[in-house]
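A.B. asks: Pasting a predicted model and its sequence here:
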Amino acid sequence: MKSSLRLTASQKQQLKLNPMQVQFGRMLELTGHELEDEIRRTVDDNPALEIKTPEHEAEHADTEEGYNESAEDLQRADYASAEEMPFAGAQVKRGDAPQPWESTHSDGSVSLYEALAAQLAFSDLNDEERKIALYIAGNLDDSGYATRVPVEVAEDLLLSTGYQPSKETVQRAWDCVRSLDPAGVCAVDLRDCLLLQLDRLENDDEDHRLARKIIGVYFDLFSGRNFDQLRAALGVDEATLGRALELITRLNPKPGLQYNHTMAEEAASAIVPDFMVEVTGPESLKLTLLSNIPELEIEKSFEEGSEIVKESQGDEPASVKRARRDAVLFLRRKRDEAKAFIGLMKIRQETLWRIMSAIVEIQRDFFLTDDKSRLKPMVLRDVAAITGDDLSVISRATSGKYVLTQGGVYSLKSLFNEAAGSGDNTSAHKFVSILKELIADEDKQHPLSDEKLTALLRERGVEAARRTVAKYRERLGIPGAKMRRQL
């Protein structure tokens with residue numbers, strides 16, 4: 001077979017982003033804190049970029065001569081730090097109330113394991129039993145349930161350490177962990193967890209004994225909400241059964257979760273809103289861009305330095321000319337990078353303002369009333385129709401951003417929602433609000449089925465299929481009609 005060379009022409013579409021577009025997309029996604037860190041890094045890396053000093057501070061720095069030290073300042077200058085001064089921090093100005101002692105301490109949040117370990121330190125277990133108890137405590141899940149039973153604990157210790165404790169030793173450590181607070185910890189299942197909590201109750205009246213019998217003997221009927229069969233099996237009236245069930249419902253099915261909520265709370269408390277929408281009148285709103293981004297400028301020597309270098313030309317050695325040319329290129333490159341970065345900051349702020357203004361325009365009723373049921377169906381295309389921005393730009397601009405309203409702080413992503421039904425202008429938030437209202441007002445002895453909920457929603461002007469109702473009900477964590485039944 002002969003090989004030959006030939007030229008062919010073909011058309012090909014290809015999308016390429018320049019480095020500035022890539023950097024803009026990345027910076028648009030950054031939150032306020034992340035952008036501040038990015039600016040600090042850029043200022044440190046680029047000598048042509050600097051943070052602009054406010055005019056009043058600059059004037060104050062120029063007029064101040066630096067000879068206004070107080071007696072305390074002069075005394076402090078004799079020591080390397082304030083901590084080395086005798087009686088540091090103990091001086092109080094005349095007329096001021098003494099300040100309370102400020103000590104550094106943790107926020108007090110501990111994990112479930114740490115809480116159990118602290119209690120085991122004061123138990124009457126010996127060293128061997130305490131080590132086994134700590135191992136058991138370390139193998140509890142987030143809800144406080146045991147993932148390893150005593151037999152498996154003994155096998156784990158044998159495989160990991162080569163030492164096999166006796167059954168009595170493991171059982172004593174197991175019982176000790178199950179006796180710790182919170183009550184119900186180290187249970188093997190829900191039935192065991194509820195029984196552990198019932199055993200902790202000090203009272204021993206009829207309701208308590210009946211509740212323990214329900215969980216211990218008739219747990220299947222209880223979990224299946226078969227109250228008629230349960231009442232017949234126990235031979236009690238409805239009022240007596242109701243008191244026992246009320247006692248059971250006050251128990252905690254997941255006792256360990258109270259130690260695992262701190263991370264979520266800390267994350268929520270660390271949220272810093274990027275926008276603020278204020279109600280300034282019956283039908284007027286004011287949008288503010290909450291930004292601590294400093295104003296940037298070009299460092300003066302880089303702004304004029306390249307021109308000065310250009311003027312210094314003459315009969316010079318080649319090495320000097322090459323070094324001078326490299327210096328000019330360096331100045332220009334850093335200056336251009338600084339100008340581009342400042343331009344990106346300006347475009348970012350304008351883009352965020354434009355997109356948020358469109359969101360406020362669409363969700364005007366929500367911001368005026370702070371009623372989530374007033375949220376209109378809104379997707380990225382609706383915002384793009386107003387701003388003209390690409391969908392990816394809007395998605396990046398709203399990612400991780402929050403807005404402060406008169407009712408609290410909301411994620412921008414939570415303001416986007418599709419219509420609940422096809423051809424319906426009811427938002428998902430309003431649909432959920434009506435669904436929760438219907439379930440809250442239902443007859444607890446005869447809960448509403450999904451078919452009945454669909455019919456009631458239709459009476460309120462919300463068109464949705466039964467499977468849509470079931471989908472949103474499950475998203476809310478609301479069980480079916482049978483499981484919602486109460487006496």
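C.D. replies: Received, thanks.
A.B. asks: Only C-alpha atoms from now on, for both contacts and neighbour counts.
C.D. replies: OK.
A.B. asks: Give me the neighbour count for Ser160.
C.D. replies: Ser160: 9 surrounding residues under other C-alpha atoms under 10 Å.
A.B. asks: Look up the pLDDT of it for me, please.
C.D. replies: Here, the pLDDT recorded for Ser160 equals 83.
A.B. asks: residues touching the residue nearest to Arg191 when sequence neighbours are not counted, list them.
C.D. replies: Setting aside the residues directly before and after it, Arg191 is nearest to Ile215 in space (C-alpha to C-alpha, 6 or more residues apart in numbering), at 6.3 Å. Neighbouring residues of Ile215 by C-alpha atoms under 8 Å, 6 or more residues apart in numbering: 191, 194-195, 222.
A.B. asks: give me phi/psi at Ile215?
C.D. replies: When read as degrees, to the nearest 10, the backbone of Ile215 gives phi -70, psi -40.
A.B. asks: can you pick the most crowded of the contacts of Ile215?
C.D. replies: Busiest of the contacts of Ile215 [other C-alpha under 10 Å] is Leu194, holding 24 neighbours.
A.B. asks: How far does the helix or strand where that one lies sit from its chain's centre?
C.D. replies: Using DSSP states H and E, Leu194 maps to helix 190-200. Remark: helix 190-200 is offset 33 Å from the chain centroid, using C-alpha atoms, centre = their mean, to the nearest Å.
A.B. asks: So which bits of that helix are buried?
C.D. replies: Within helix 190-200, the residues that count as buried by 16 or more other C-alpha atoms under 10 Å are 190-198.
A.B. asks: Turn those residues into a markdown table, including pLDDT and distance to Ala115.
C.D. replies: Below are these laid out as a markdown table (pLDDT from 0 to 100; distance: C-alpha to C-alpha, whole Å):
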| residue | pLDDT | distance to Ala115 |
| --- | --- | --- |
| Leu190 | 92 | 21 |
| Arg191 | 93 | 23 |
| Asp192 | 94 | 21 |
| Cys193 | 94 | 18 |
| Leu194 | 94 | 20 |
| Leu195 | 93 | 22 |
| Leu196 | 94 | 18 |
| Gln197 | 93 | 18 |
| Leu198 | 93 | 22 |
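A.B. asks: shaky segments in the stretch 301-450 of the chain?
C.D. replies: 304-316, 419-429 (pLDDT under 70).
A.B. asks: Would you convert the contacts of Ile215 into JSON lines that also reports distance to Arg130?
C.D. replies: JSON lines is the format used below for these (distance: C-alpha to C-alpha, whole Å):
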{"residue": "Arg191", "distance to Arg130": "27"}
{"residue": "Leu194", "distance to Arg130": "25"}
{"residue": "Leu195", "distance to Arg130": "25"}
{"residue": "Phe222", "distance to Arg130": "37"}
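A.B. asks: contacting residues around the closest residue to Leu296 other than its chain neighbours?
C.D. replies: Distances taken as C-alpha to C-alpha, 6+ apart put Ile51 closest to Leu296, at 4.6 Å, once the chain neighbours are dropped. Contacts for Ile51 (C-alpha under 8 Å, 6+ apart) come out as 43, 294-297.
A.B. asks: Can you tell me how far Ile51 is from Asn292?
C.D. replies: 12 Å (C-alpha to C-alpha, to the nearest Å).
A.B. asks: these two touch, right, Leu457 and Glu463?
C.D. replies: Yes. In this structure Leu457 lies within contact range of Glu463 using C-alpha atoms under 8 Å: 7.0 Å.
A.B. asks: what about Glu206, how many neighbours?
C.D. replies: 12.
A.B. asks: Leu28 too?
C.D. replies: 24.
A.B. asks: Just the CA trace of stretch 180-188, in CSV.
C.D. replies: Output of stretch 180-188 as CSV, limited to C-alpha atoms (Å, rounded to 0.1, in the frame of the first residue of the first chain):
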residue,chain,number,x,y,z
LEU,A,180,-24.1,7.0,80.9
ASP,A,181,-25.8,10.3,79.9
PRO,A,182,-27.6,11.0,77.6
ALA,A,183,-30.1,8.2,78.4
GLY,A,184,-30.5,5.7,75.6
VAL,A,185,-26.9,5.9,74.4
CYS,A,186,-25.2,2.7,73.2
ALA,A,187,-28.5,1.1,72.2
VAL,A,188,-28.5,-1.5,69.5
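A.B. asks: which of the residues in it are buried?
C.D. replies: Per 16+ other C-alpha under 10 Å, stretch 180-188 contains these buried residues: 180, 182-188.
A.B. asks: ok, now stretch 42-50?
C.D. replies: 42-43, 47-50.
A.B. asks: Would you tell me which one of the residues you listed comes nearest to Ser143?
C.D. replies: Thr42 (44.9 Å; C-alpha to C-alpha).
A.B. asks: Using CSV, write out every CA atom in stretch 446-463.
C.D. replies: Extracted in CSV, the C-alpha atoms of stretch 446-463 (Å, rounded to 0.1, in the frame of the first residue of the first chain):
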residue,chain,number,x,y,z
HIS,A,446,-57.9,10.5,60.4
PRO,A,447,-54.9,12.0,58.5
LEU,A,448,-55.2,13.2,55.0
SER,A,449,-54.0,10.9,52.2
ASP,A,450,-52.0,12.1,49.3
GLU,A,451,-55.1,11.9,47.1
LYS,A,452,-57.1,14.0,49.5
LEU,A,453,-54.2,16.5,49.8
THR,A,454,-54.2,16.8,46.0
ALA,A,455,-57.9,17.5,46.0
LEU,A,456,-57.6,20.2,48.7
LEU,A,457,-54.7,21.8,46.9
ARG,A,458,-56.8,21.9,43.7
GLU,A,459,-59.5,23.7,45.6
ARG,A,460,-57.0,26.4,46.6
GLY,A,461,-56.0,26.8,42.9
VAL,A,462,-52.9,24.7,43.0
GLU,A,463,-52.8,22.2,40.2
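A.B. asks: which of the residues in that stretch are buried?
C.D. replies: Residues of stretch 446-463 classed as buried by neighbour count (16+ other C-alpha under 10 Å): 447-450, 453-457, 462-463.
A.B. asks: Give me the residues contacting it.
C.D. replies: 421-422, 424, 426, 431, 434-435, 438-439, 442, 464-466, 469-470, 480-482, 484-485.
A.B. asks: From those residues, list just the buried residues.
C.D. replies: Applying 16+ other C-alpha under 10 Å to the contacts of stretch 446-463 flags 421, 426, 431, 434-435, 439, 464-465, 469-470, 484-485 as buried.
A.B. asks: what two of the residues you listed have the greatest distance between them?
C.D. replies: Thr426 and Arg485 (29.1 Å).
A.B. asks: Got the domain ranges for this protein?
C.D. replies: 112-255, 275-415, 428-484 (automatic domain parsing).
A.B. asks: Now distance to Leu5 too, for the ones you listed, in TSV please.
C.D. replies: Below are the domains of the chain laid out as TSV (distance: least, C-alpha to C-alpha, whole Å):
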stretch	distance to Leu5
domain 112-255	68
domain 275-415	44
domain 428-484	62
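A.B. asks: The ones you listed: which one's closest to Gly25?
C.D. replies: Going by C-alpha to C-alpha, the one of these nearest Gly25 is domain 275-415, 7.2 Å.
A.B. asks: Now do the end-to-end distance for the closest one.
C.D. replies: Rule used - C-alpha to C-alpha; the end-to-end distance of domain 275-415 is 14 Å.
A.B. asks: Show me the strands in the stretch 351-487 of the chain, by range?
C.D. replies: Under the criterion DSSP state E, counting those that start in this stretch, the stretch 351-487 of the chain carries strands at the ranges 402-405, 408-411.
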